[in-house]
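K.L.:
model this:
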Amino acid sequence: SCCCTKQGNDRYDAQGANCMMETALTDRTSSVTARAERSLWKSPTVSLGLILGLATWVRLHDLGRLSLWLDEGITTCKMRFSLRELFRFTVVDNVPPLYYLILHALQFWLDSDFLLRLPSALIGIATIPVLYWTGALLFSRRVALLASLFLSLSTFHVWFSQEARSYAFYCFLYALSLLF
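P.N.:
Prediction:
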């Protein structure tokens, strides 16, 4: 509501003129604030942060609900091998040992199904900003955000990120290789 008072022939008194100036300033300030809020939501950093938050929730929700399946049990066995046994077993295995070496270094903290799957989930989450940087470098920020959103909700990527296997790690390394 405005306190402006009209005094014949479309003239305003002094109080009304001040009120009109205040109203104009308030309107201008609110439009600048609204533009800043809109541009904040259009900011790639905020958008990527929201996408990462969504990806984190999707990957960590119920991460330890299901028990380990056969291949994850094999991962558990391999991470407990000595380094000599691990490299000796690599000769007959089709999986490179780097993922198992990472788990071997963390084995004392990985004492539940959730914690055993956590490194894959974190690596899966870390793949999303790498894909964003690749997309922004090769195409545009909009394309990069869409690709990041699609990867964050990709059924296969979420599934592989929730397994104690090296699949999410391979995807991360592949995305990194695109940057270089």
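
K.L.:
I'd say Ala175 and Leu131 touch.
P.N.:
Yes: shown here, Ala175 and Leu131 form a contact pair, counting by Cβ atoms under 8 Å, at 5.2 Å. (Each C-beta comes from the backbone N, C-alpha and C, glycine too.)

K.L.:
between those two, who's got more neighbours?
P.N.:
Leu131 (23 against 20; other Cβ atoms under 10 Å).

K.L.:
and the more buried one, what does it touch?
P.N.:
Ala144, Ala147, Ser148, Leu151, Ala175 (Cβ atoms under 8 Å, 6 or more residues apart in numbering).

K.L.:
any chance of those in TSV, plus distance to Leu110?
P.N.:
Putting the contacts of Leu131 into TSV (distance: Cβ to Cβ, whole Å) gives the following:
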residue	distance to Leu110
Ala144	33
Ala147	31
Ser148	28
Leu151	25
Ala175	24
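
K.L.:
closest to Ala121 out of those residues?
P.N.:
Distance to Ala121, by Cβ to Cβ, is smallest for Leu151 among those, at 13.8 Å.

K.L.:
how many neighbours does that closest one have?
P.N.:
22.

K.L.:
next: Thr90.
P.N.:
Neighbours of Thr90 using other Cβ under 10 Å come to 15.

K.L.:
specify the local secondary structure of the residue most central in space within the chain.
P.N.:
The centre of the chain sits closest to Leu52, judged by Cα atoms, centre = their mean, with a distance of 1.7 Å. Of the three states, Leu52 takes helix under DSSP: H, G, I helix; E, B strand; the rest coil.

K.L.:
quick one on the thing from earlier: the contacts of Leu131 in helices, which ones?
P.N.:
Secondary structure from DSSP state H places Ala144, Ala147, Ser148, Leu151, Ala175 of the contacts of Leu131 in helices.

K.L.:
with that, I have no additional questions.
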